[in-house]
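Visitor: Output the structure for:
(2 chains)
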Amino acid sequence: MKPAVKRLIFFAALILFWGLGSHFELWHETILPSPFSVWNALIAGFADLTLVYDLVASFRRLLIGLAVSLLIGTALGILLARSKTADDTIGSMVLALQSVPSIIWLPLAMMWFGLGEGAIIFVVILGGTFVMTLNVRTGIKNVNPLYIKAARTMGSNGIDLFWKVIIPASIPYLVTGARLAWAFAWRALMAGELLSAGPGLGYTLRYASDFGNMALVIGVMIIIGVVGAVVDQLIFQRIEKNVLKRWGLES
Amino acid sequence: MHLFIEIQHIDKIYTDKDNNANTVLEDINLEIPKGQFVSILGPSGCGKSTLLSMIAGLTSASSGDIVVDGATVQKPGKDRGMVFQEAALFPWMTVTENVIFPLRKDMNKKQAVERARHFLQMVQLSNYAGHYPHELSGGMQQRVSIARSLAMDPAVLLMDEPFGALDEQTRSRLHGQLEKIWIDTQKTIVFVTHSIQESIKLSDRIVVMGTQPGTVIADINVDIPRPRDAQKQQVTALEERIMGLLKGEIDKVIHEELAYEARR
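Guide: Numbering: from 1, shown residues only, chains lettered A, B, ... in the order given. Reported below is the predicted structural model:
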C-alpha cells in the first residue's frame, strides 16, 4: 500500500473516531466540539474572509521575518566560520541565544517597537536567525578539504575560492538551515500573534478562545498545522532531497 | 636532456601533539627531464604523497627547494595539474562545467567549452558532458578529473594514486588510456603509487622510496618496450627486483606497528 493511501486511511479513521465520540456524547461539545462544528466554523471564517485576512497577515509577517533572518543568519554564519575570534565570542552567544525560545523577547520588543507589526516581526527574525547562523557556520567548516585543494591547484584562491567553491559546497547545510529557520520562525510567529493585536491566525485563535468559540479554536489549530506540514514537506523537504542527491550525500 | 623538475635537498619534519619531531622526508633529491613518465613507488607512510603535494605547492617543505621549469614552487598554480585519489569533481557542476572551471579566467565560455569537449573526447566521455558527477561511475569520474587537469594545459601532471580506489578491470583499462594520453600529449607525469605492477606498466622510470624516514632507495630506468603487457618475462624480473628492495621497508613498517601495539 502506498504511504499516501495509508495516511489517508489513518486520518479518515481519526476523524471518524472523533465524530462518533461527539455523536454519542463521550465528551461534552464545549470541551471538544464535533468535527462538523469545526468544519462549519472554518467555512464561516473563510466566507466572511476573517481567516483569509488572517492568513495573508500571518504570511506577510512570516515572509518578511524569514527573509531577514536568512540574510542575517547567512552573514553571521560566514563571519563565524571565517573568524576564529568571532566564533569564540559571538559564536558562544549565538549558541546561548539559539537555546531560548524567541518569544521571550516579546516584552522587550514591545517596549522598543510598540504593540504591533514591528514587535512580532522582530520575534520571528530572532526565531529563524540563529539556527541559520549555526548551519551556515557548520556547512562552511565542513566543506570537503579535497575540493579546496583541487580548486587551489586549478588557480582558484581568496574570494574566488570562497564564492565559487566553498559556498556552493555548503549549499546542503544552507538548505537544511533554511528549513529549520522556517519551522522556528513559524512557531515564533504563532506565539507572537497569540500575545498581540490582529489580524493573524494566532490572534484569531486567542480571540475565539476568549469568546468560548472552541470550534474555531480547533479550526485555526488545524490550519496552523496544515500550513506547517505542507510548506515543510512540499517545499523544503523536496529541495533538500534534490540537493542532497545532487551533492552526492544521499543516493 | 632538459631538466624540468628539480627537487633539491627536501626535508619534511613535522611535530606531533606530544612535541615529538617526526621526519617524514629526508634529503630527497630528484631531477626529472621534460616529457618523462616517472612513478614514485613506496609503502604507505613513506611520504610519497607528501612529496607530490609539495610539487603541487599544497604543502611546504621544512627545507630544500623544488624548481619546476626554472621557477621555485611557492604556491599552487595551473602549470601543475593534480589528479587525486578521489576525483574531487564539484558535485554542483556538470561534467563540462567542471572541466571549464580552471579555464574560466583565461578564455571566453565558447572557447572553454570547445576545449572541454576536446579533452572529454580524449578520455572518451564526450557523451556525458551534461551529466552530474553523481550520475557517473568512479572510473568515469576519475577520467573527468584527468580531462579537467589536462584542459589547463599544465607543464606537468601530478597524479596521487589516481586509480587506487577503482576495481581491477577499470584500473587496467584506465592504464591503457593514460598511456595513450601521455604519448599523445607528451606531458611530464609524476605518478605516485604503491603498486609495483602499476609503476612498471606505465612509467619510464621508477623512484623507489623507503620509509622512516622517507628516502629514495633506488632510481630505476624502465627500458622495457611498450606495450608492456606483451613483455611478461622482463616485467616479472623487474617486479621481483623491486619486491626485494621493498621487503626490508615493509618489514620495518610491520615492526614499527608491532612495537607501537606493544607499548599500548
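Visitor: Going by C-alpha atoms from here, please, whenever you check contacts or count neighbours.
Guide: Will do.
Visitor: Tell me which residues touch A:Leu55, please.
Guide: Taking Cα atoms under 8 Å, 6 or more residues apart in numbering or on different chains, we find A:Leu55 in contact with A:200-201.
Visitor: Name the helix or strand for B:Lys201, please.
Guide: helix B:196-202 (DSSP states H and E).
Visitor: Buried residues of that helix, list them for me.
Guide: B:196, B:198-202 (16 or more other Cα atoms under 10 Å in any protein chain shown).
Visitor: Tell me the one of the residues you listed nearest A:Gly248?
Guide: Nearest to A:Gly248 among the buried residues of helix B:196-202 is B:Glu198, at 29.5 Å by Cα to Cα.
Visitor: Could you pull up the residues touching the nearest residue to A:Gly248 once chain neighbours are set aside?
Guide: In space, and not counting its chain neighbours, A:Gly248 is closest to B:His134: 5.6 Å by Cα to Cα, 6 or more residues apart in numbering or on different chains. The neighbours of B:His134, taking Cα under 8 Å, 6+ apart as the test, are A:245-248, B:91.
Visitor: and if you look at A:Pro35?
Guide: A:Pro35 touches A:15, A:18-19, counting by Cα under 8 Å, 6+ apart.
Visitor: Please name the residues that touch the residue nearest to the spatial centre of chain B.
Guide: In chain B, the residue lying closest to the centroid (Cα atoms, centre = their mean) is B:Met159, at 2.2 Å. B:Met159 makes contacts with B:52, B:82-85, B:189-192, as judged by Cα under 8 Å, 6+ apart.
Visitor: again, but for B:Ile220
Guide: Counting by Cα under 8 Å, 6+ apart, B:Ile220 has contacts B:205-208.
Visitor: burial measure for B:Ser195, as a count.
Guide: The tally of other residues near B:Ser195 (other Cα atoms under 10 Å in any protein chain shown) stands at 15.
Visitor: Surely it and B:Ser44 touch.
Guide: No: counting by Cα atoms under 8 Å, B:Ser195 stays clear of B:Ser44, with 10.6 Å between them.
Visitor: From chain A, how far off is B:Glu6?
Guide: 19 Å (Cα to the nearest Cα, to the nearest Å).
Visitor: quick one: that residue and B:Thr72 touch, right?
Guide: No: taking contacts as Cα under 8 Å, B:Glu6 lies outside contact range of B:Thr72: 9.2 Å.
Visitor: picking up where we left off before, can you pick out the ones from the contacts of B:Ile220 that are in helices?
Guide: Under the assignment DSSP state H, the contacts of B:Ile220 contribute nothing to helices.
Visitor: which of the contacts of B:His134 count as buried?
Guide: Here, 16+ other Cα under 10 Å leaves A:245-247, B:91 buried among the contacts of B:His134.
Visitor: and which of those residues is nearest to B:Gly57?
Guide: Proximity of those to B:Gly57 (Cα to Cα) peaks at B:Pro91, which lies at 24.4 Å.
Visitor: right, and the secondary structure at the closest one would be what?
Guide: coil (DSSP: H, G, I helix; E, B strand; the rest coil).
Visitor: What sits closest to it if chain neighbours are left out?
Guide: Per Cα to Cα, 6+ apart, closest to B:Pro91 is A:Trp247, 5.0 Å.
Visitor: so the one you found makes contact with B:Met93?
Guide: No: in this structure A:Trp247 lies outside contact range of B:Met93 using Cα under 8 Å: 9.4 Å.
Visitor: Could you show which parts of the stretch 151-264 of chain B are in contact with chain A?
Guide: Applying Cα under 8 Å from any Cα of the partner chain, we find that the stretch 151-264 of chain B lies next to chain A at B:Met152.
Visitor: if I pick the residue in the stretch 151-264 of chain B that chain A sits nearest to, what's in contact with it?
Guide: Residue of the stretch 151-264 of chain B nearest chain A, by Cα to the nearest Cα: B:Met152 (7.8 Å). Applying Cα under 8 Å, 6+ apart to B:Met152 gives the contacts A:154, B:78-79, B:81, B:102-103.
Visitor: from those, which single one is nearest A:Val231?
Guide: For the contacts of B:Met152, the nearest to A:Val231 is B:Pro102 (39.2 Å; Cα to Cα).
Visitor: Could you double-check that A:Leu201 sits in contact with A:Met190?
Guide: Yes: under the criterion of Cα under 8 Å, A:Leu201 makes contact with A:Met190 at 7.2 Å.
Visitor: Let me see the residues that make contact with stretch A:37-50.
Guide: By Cα under 8 Å, 6+ apart, stretch A:37-50 touches A:51-52, A:215-216, A:218-220.
Visitor: redo that, cut-off 6 Å
Guide: A:51, A:215-216, A:219 (Cα atoms under 6 Å, 6 or more residues apart in numbering or on different chains).
Visitor: List the buried residues in that stretch.
Guide: Quick answer for stretch A:37-50 (16+ other Cα under 10 Å): A:37-38, A:41-42, A:45, A:50.
Visitor: pLDDT (mean, whole number) over that stretch?
Guide: If you average the pLDDT over stretch A:37-50, you get 94.
Visitor: Just the CA atoms of that stretch, as PDB, please.
Guide: Extracted as PDB, the C-alpha positions of stretch A:37-50 are listed here (Å, rounded to 0.1, in the frame of the first residue of the first chain):
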ATOM      1  CA  SER A  37     -18.900  22.200  14.200                       C
ATOM      2  CA  VAL A  38     -15.200  22.700  13.400                       C
ATOM      3  CA  TRP A  39     -15.900  22.400   9.700                       C
ATOM      4  CA  ASN A  40     -18.800  24.900   9.900                       C
ATOM      5  CA  ALA A  41     -16.600  27.300  11.900                       C
ATOM      6  CA  LEU A  42     -13.900  27.100   9.200                       C
ATOM      7  CA  ILE A  43     -16.500  27.600   6.400                       C
ATOM      8  CA  ALA A  44     -17.900  30.600   8.200                       C
ATOM      9  CA  GLY A  45     -14.400  32.000   8.800                       C
ATOM     10  CA  PHE A  46     -13.400  31.800   5.200                       C
ATOM     11  CA  ALA A  47     -16.900  33.000   4.000                       C
ATOM     12  CA  ASP A  48     -16.600  36.300   5.900                       C
ATOM     13  CA  LEU A  49     -12.900  36.500   4.900                       C
ATOM     14  CA  THR A  50     -11.700  36.700   8.500                       C
END
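Visitor: For the helix or strand containing A:Asn135, name the packing helices and strands.
Guide: Element membership of A:Asn135 [criterion: DSSP H and E] is helix A:117-141. In terms of contacts (3 or more Cα pairs under 6 Å, 6 or more residues apart in numbering or on different chains; DSSP states H and E), helix A:117-141 is packed against helix A:50-82, helix A:106-113, helix A:171-194.
Visitor: report the angle between the axes of that helix and helix A:106-113?
Guide: 110 degrees (axes from the mean of the first three to the mean of the last three Cα atoms, to 10 degrees).
Visitor: Mind listing residues that contact helix A:117-141?
Guide: A:61, A:65, A:69, A:73-74, A:76-77, A:81, A:98, A:102, A:109-110, A:113, A:170, A:173-174, A:177, A:181, A:184-185, A:188-189, A:192.
Visitor: Now the stretch 1-150 of chain A against chain B: closest residue?
Guide: A:Tyr147 (5.8 Å).
Visitor: number of nearby residues for that residue?
Guide: For A:Tyr147, using other Cα under 10 Å, the count is 18.
Visitor: And for the one 4 residues further on?
Guide: Look at A:Ala151: counted by other Cα under 10 Å, it has 24 neighbours.
Visitor: Please name the nearest non-neighbouring residue to it.
Guide: Using Cα to Cα, 6+ apart, the nearest residue to A:Ala151 is A:Leu161, at 7.0 Å.
Visitor: now stretch B:145-154: mean pLDDT?
Guide: 90.
Visitor: before we move on, what about stretch A:166-185?
Guide: 94.
Visitor: Report whether it contacts chain B.
Guide: No: using Cα under 6 Å from any Cα of the partner chain, stretch A:166-185 stays clear of chain B, coming no nearer than 7.1 Å.
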